[in-house]
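>>> predicted model and sequence follow; I will ask about them next.
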Amino acid sequence: MIATIWDWLSDAANWSGSGGIIAQAQEHLRLSVIALLAAALIAIPIGLYVGHTGRGRVVLVNAVSAFRAIPSLGVLFIAALLLLPRLRGDLAFELPSLIVLAILGIPPILSGVYAGIEQVDPAARDAARGMGMTGWQQLWRVEVPCALPLIFSGVRSSMMQIIATATIAAVVGLGGLGRFLIDGQANRAYDEMAGGAVLVALLALAVDIVLGLLQRAVVSPGLATHGRSH
Amino acid sequence: MRVLGTDLSEVASFAVQHAYLAGVPLLLGLLISLPLGWVALRRRWLYPPVIVGTGLLYTIPSLALFVLLPGILGTQILDPLNVIVAMTLYTIALLTRTVADGLGSVPDHVRQAATAMGYGPLHRFFAVELPMAVPVISAGLRVAAVSNVSMVSVAALIGVSQLGLLFTDGFSRSAMGPIVIGVLACVLLALLFDLLILAVTRALTPWRRAVRA
């Protein structure tokens, strides 16, 4: 099995061209990053607000866990059936999938940001207030830096979910590495299917490692071991 | 009976298969992550490799795992065993860290008191540390249960029979009915799993009710 996958992966013909591995990997990454940015734009402000003020806490916690229960494959198909006939061109395929991917990416970021802000040591918060910081300064200079490890872990799990679901989105006509899995299955070509699966796993791993390095560079060293058990 | 163009008895049999494919891995994953989490906590040098290693499992997209496992296990692509193994791996990925954190959250003075009362390491683990870690482990188990239910539906893309088949079937016929019914059934199943775990947690932690009362 490893030999068949390797043969497929090492065949130069599979790498080049518009439907090749490089083009599909770029497409997979492009769609995932757009969806992640959209999810972060929505989730981060809400998470900061709820974490900082404590308002809407119950609603947020329940909404996040309810969201997790919704199967992404079903939502993707519903969005595709609703939007495909109403849109034109490339957008018709991309928009429904991007909306679903962004929606799926919101809950992990939201709970990471909220939990991160909420678990900031009350003593640090009091100290900031005692130094005469305004609410904004308190949020940006104390709470957010302290919350970064959890914020990052939320962003990372959001990105993993988006990359995984972007694979599924090939079923509704989207490009990306999922194409090899779906087309391979349609053509009964196990080497293509398995090769695509290896590539998706590698892409997910590589992106997670990059985000991990980014986290290490951004988070204050004093917090690096935070969240570890005793 | 038919609702939204979907045969409800078919939905029921899909739901039973779905519950099996999501539930069995939950138990297997818990059984495997308990010793893993314990070892990661007890032997400090093992913590990073065990926690990072199991965490990495979660980065593999489910569809990729469903496709790769037949080649690794020597099973047929439609074999439900692939789904069971894949979901067990995801459960381990989610739970190992939680188990280590849960066991780590048991206060040192409690552990010392148990030792002073003559509890050996194994007895102490089962009688004191594990019960005290139940709330944390149960929180992780709830997340794993809900995400298992959602992920199992992806196996419909390779044709394994469960609620996800309602999605692929509905999409191929451009019929919204079966997809909506399937989503609702999935959410309902996740809710049932959640309630079940909550009930068991409540039964296992009587002291929490005593404190509140």
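Looks like it arrived, so ask away.
>>> for chain B, give me the ranges with low pLDDT.
Low-confidence segments of chain B, defined by pLDDT under 70: B:211-213.
>>> ignore what I typed, I meant chain A.
A:224-230.
>>> try it again with 80
Low-confidence segments of chain A, defined by pLDDT under 80, are located at A:1-2, A:84-85, A:87-93, A:222-230.
>>> ok, which stretches of it are helices?
Under the criterion DSSP state H, chain A contains helices at A:2-10, A:21-53, A:57-69, A:72-83, A:89-118, A:122-130, A:135-137, A:144-168, A:178-186, A:190-218.
>>> give me the neighbour count for A:V210.
The tally of other residues near A:V210 (other CB atoms under 10 Å in any protein chain shown) stands at 12. (Each C-beta comes from the backbone N, C-alpha and C, glycine too.)
>>> from B:T59, how far off is it?
A:V210 is 12 Å from B:T59, where distance means CB to CB, to the nearest Å.
>>> if we can go back for a sec, columns distance to B:L184 on top of the helices of chain A, output as JSON lines?
Conversion of the helices of chain A to JSON lines gives the following (distance: least, CB to CB, whole Å):
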{"stretch": "helix A:2-10", "distance to B:L184": "38"}
{"stretch": "helix A:21-53", "distance to B:L184": "24"}
{"stretch": "helix A:57-69", "distance to B:L184": "11"}
{"stretch": "helix A:72-83", "distance to B:L184": "9"}
{"stretch": "helix A:89-118", "distance to B:L184": "17"}
{"stretch": "helix A:122-130", "distance to B:L184": "42"}
{"stretch": "helix A:135-137", "distance to B:L184": "42"}
{"stretch": "helix A:144-168", "distance to B:L184": "20"}
{"stretch": "helix A:178-186", "distance to B:L184": "26"}
{"stretch": "helix A:190-218", "distance to B:L184": "29"}
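>>> give me whichever of the ones you listed is most buried.
With neighbours defined as mean count of other CB atoms under 10 Å in any protein chain shown, those peak in mean count at helix A:144-168, which reaches a mean of 24.
>>> rewinding a little: distance to chain B added to the helices of chain A, as TSV?
What follows is the helices of chain A, written out as TSV (distance: least, CB to the nearest CB, whole Å):
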stretch	distance to chain B
helix A:2-10	8
helix A:21-53	10
helix A:57-69	4
helix A:72-83	4
helix A:89-118	10
helix A:122-130	19
helix A:135-137	31
helix A:144-168	3
helix A:178-186	6
helix A:190-218	4
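>>> can you tell me which of those helices comes nearest to B:Q17?
Smallest distance to B:Q17 across the helices of chain A (CB to CB): 15.9 Å, for helix A:72-83.
>>> these two touch, right, B:V143 and B:A93?
No. Checked against CB atoms under 8 Å, the pair B:V143 and B:A93 is beyond contact range at 11.2 Å.
>>> out of those two, which sits in the more crowded spot?
A direct count of neighbours by other CB under 10 Å for B:V143 and B:A93 places B:A93 higher, at 20 against 15.
>>> and that one, what does it touch?
In this structure, B:A93 makes contact with B:T54, B:G55, B:L56, B:L57, B:Y58, judged by CB atoms under 8 Å, 6 or more residues apart in numbering or on different chains.
>>> please list which of those residues are also close to chain A.
B:L56, B:Y58 (CB under 8 Å from any CB of the partner chain).
>>> output the contacts of B:A93 as a markdown table; include the columns distance to A:I44, secondary structure and neighbour count.
Written out in a markdown table, the entries for those read as follows (distance: CB to CB, whole Å; DSSP: H, G, I helix; E, B strand; the rest coil; neighbours: other CB atoms under 10 Å in any protein chain shown):
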| residue | distance to A:I44 | secondary structure | neighbour count |
| --- | --- | --- | --- |
| B:T54 | 28 | helix | 22 |
| B:G55 | 23 | helix | 18 |
| B:L56 | 26 | helix | 15 |
| B:L57 | 28 | helix | 16 |
| B:Y58 | 22 | coil | 21 |
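>>> give me the number of residues near the residue of chain B found nearest chain A?
Minimum separation of chain B from chain A (CB to the nearest CB) falls at B:G104, amounting to 3.0 Å. One way to gauge burial is a neighbour count; for B:G104, by other CB under 10 Å, it gives 17.
>>> wait, it sits on B:L41?
Yes. The pair B:G104 / B:L41 is scored as a contact, 5.4 Å apart, by CB under 8 Å.
>>> mind listing what's buried along stretch B:136-156?
When burial is assessed from 16 or more other CB atoms under 10 Å in any protein chain shown, stretch B:136-156 yields the following buried residues: B:136-138, B:140-142, B:144-156.
>>> among those, name the ones in helices.
Secondary structure defined by DSSP H assigns B:136-138, B:140-142, B:144-152 of the buried residues of stretch B:136-156 to helices.
>>> give me the most central residue, chain A.
Among the residues of chain A, the one closest to the centroid is A:M159, at 1.9 Å (CA atoms, centre = their mean).
>>> ok so, going back, which one of the contacts of B:A93 sits closest to A:A43?
A:A43 has its nearest neighbour among those in B:Y58, at 19.7 Å by CB to CB.
>>> quick one, what contacts B:L73?
For B:L73, the contact set (CB under 8 Å, 6+ apart) comprises B:L81, B:N82, B:V85.
>>> can you name every helix or strand that the helix or strand where B:L130 lies contacts?
In this assignment (DSSP states H and E), B:L130 forms part of helix B:130-152. Helices and strands touching helix B:130-152, by 3 or more CB pairs under 8 Å, 6 or more residues apart in numbering or on different chains; DSSP states H and E, are helix A:57-69, helix B:8-42, helix B:80-104, helix B:176-204.
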